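test case, fold it:
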Amino acid sequence: MIKYAHIGLPKGASSWLQNVFFPSHPEIAHLGRGPRKYALNEAIKVFLWHDALSTPEYCFDSVATRKTFDEAFSQVSENKDVKAAGVSQELFTNIFFERLDIPQRAQRLKAAMGDDVQIIFILRNQFDFIKSHYDTSVWQLGYTNSFEEHLHHFYYDRDIGAYANLYYDKIFETYADIFGQENVHAIPFELIKQGAVHFSNTICESLGISHFPDVKKESVNAKNTDEVRAAMLLFNRRWRYSMGGGTYNRAIATHQTSWYKEKFDIEVPDRQLQNQKFHHFMFRSSQEKIVKKAREINPNFTVEKLEIPEFYQEKIAEDIAPHNRKLAEYTKYDLKELGYIL
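From the prediction side, this is the model:
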């Protein structure tokens, strides 16, 4: 049985992979994130949301974690139809928040699953990534900065920001050093424009499993308009939750139940439930409802377009071009034709 790990990037069809492709492919036993066909140890969820991203080295129980994963793989392998089993967590390649650096996260993945893992690494044009990543931070994480403020922080505060996420070649090399270059599959997100079936077939071929012509094609997340994003920003600044909140507010409010319940056998703290309430309003309400409520608070709230100024475009392009040329050596796809800056 093949073991796989989808490591991101974030904003590279992660929700679709986690909620549609991995759980529904008949030859895959998906262990998380997303819906699972099997009743599995909640410690896997704790690993994906905590131990793989933030837990200090001397608090991480690698032996117990490996045992949990080995038992899960053993359980699903009893189904003879299963040809691949694994996990998906796009935060393995996202340093925008949480404690561990990407090389540390890669080592945690190896500790949990071994080094005989097929790594699925979804790329995305860097400028599209910047805009989509900001949009999601406002939508799901309580982020309060304007796009202009975000770009300044993103570009200049590189030691604590997410700028290093743009160096896709370095991320590839990090995982290739641990799992072997032949086992790291760099797949451009832009292939999805040729259809969901074509995109899923590319992943199937990387894993050595059958094509999935019946895969559902619809997008999981709605695209926010500039007005909707501005309304969400208004609420984030008003409520101050998650990333925009206090020191002990965790960034992903809806995924903490296992941490408190399973690991410590306590109720989820009120502050986290409050975060969850705000997150659910933003994430589950219709766009019309969000805009209407924002207009009730401030009829003239400012709407900002996601446009990257020419200065940043030139500077970032100059910086990432040599990295993309190196990346092109690691993937069989024509990145220039797909819109990447080389």
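
center of this protein - which residue?
Taking C-alpha atoms, centre = their mean, the centroid of the chain lies closest to residue 90, which sits 2.8 Å from it.

isn't that residue right up against residue 5?
No. Counting by C-beta atoms under 8 Å, residue 90 does not reach residue 5; the two are 10.9 Å apart. For the C-beta atoms, the positions are set from N, CA and C on the backbone; glycine is no exception.

separation between the residue nearest to the centre of the chain and residue 14?
Going from residue 90 to residue 14 by C-beta to C-beta, to the nearest Å gives 4 Å.

anything in contact with each of the two?
Shared contacts of residue 90 and residue 14, defined by C-beta atoms under 8 Å, 6 or more residues apart in numbering, are found at 6, 8.

next secondary structure after the helix or strand of the chain with the lowest mean pLDDT?
Using mean pLDDT, DSSP states H and E, helix 257-258 stands out as the lowest-scoring helix or strand of the chain, at a mean of 73. Per DSSP states H and E, the first helix or strand lying C-terminal to helix 257-258 is helix 264.

what mean pLDDT does that following helix have?
Mean per-residue pLDDT for helix 264: 81.

okay, now stretch 146-162: how far is its last residue from its first?
Start-to-end span of stretch 146-162 (C-alpha to C-alpha, to the nearest Å) is 16 Å.

got the confidence number for residue 245?
Confidence at residue 245, expressed as pLDDT, is 68.

quote the end-to-end distance of stretch 142-153.
Stretch 142-153 has an end-to-end distance of 17 Å (C-alpha to C-alpha).

show me the contact partners of it.
With C-beta under 8 Å, 6+ apart, stretch 142-153 has contacts from 130, 134, 137, 161, 233, 236-237, 239-245, 249, 251, 275, 278-279, 304-306, 308-309, 312.

for the chain, give me the ranges with low pLDDT.
Within the chain, the stretches falling below the threshold (pLDDT under 70) are 39, 220, 245-255.

tell me how many other residues crowd the nearest residue to residue 161 once chain neighbours are set aside.
Leaving aside its chain neighbours, residue 161 sits nearest to residue 154 (5.3 Å; criterion: C-beta to C-beta, 6 or more residues apart in numbering). Residue neighbour count, defined by other C-beta atoms under 10 Å, stands at 22 for residue 154.

so residue 86 sits in a strand?
Yes. Assignment of residue 86 by DSSP: H, G, I helix; E, B strand; the rest coil places it within a strand.

on that earlier part again, so what's the residue nearest to the centre of the chain up against?
Remark: with contacts taken as C-beta under 8 Å, 6+ apart, residue 90 is in contact with 6-10, 12, 14.

and residue 238, by the same measure?
Shown here is residue 238, whose contacts under the criterion C-beta under 8 Å, 6+ apart are residue 297.

and the helix or strand containing it, which residues are buried?
Residue 238 belongs to helix 226-239 when elements are defined using DSSP H and E. Within helix 226-239, the residues scored as buried using 16 or more other C-beta atoms under 10 Å are 228-236, 239.

do the same with stretch 171-180
Of all the residues in stretch 171-180, those buried under the rule 16+ other C-beta under 10 Å are 171-176, 178-179.

tell me the domain ranges of the protein?
Listed domain ranges for the chain are 2-124+164-220, 226-297 (source: automatic domain parsing).

for the ones you listed, give me JSON lines that also has distance to residue 317.
Output for the domains of the chain, formatted as JSON lines (distance: least, C-beta to C-beta, whole Å):
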{"stretch": "domain 2-124+164-220", "distance to residue 317": "11"}
{"stretch": "domain 226-297", "distance to residue 317": "24"}
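
just the ones you listed: most buried one?
By mean neighbour count, with neighbours taken as mean count of other C-beta atoms under 10 Å, domain 2-124+164-220 ranks first of the domains of the chain at a mean of 19.

was I right about residue 331 contacting residue 186?
Yes. Because the distance of 4.2 Å satisfies C-beta under 8 Å, residue 331 is recorded as touching residue 186.

shared neighbours of those two, anything?
residue 123.

these two touch, right, residue 12 and residue 123?
Yes. Here residue 12 reaches residue 123: they are 6.8 Å apart, a contact under C-beta under 8 Å.
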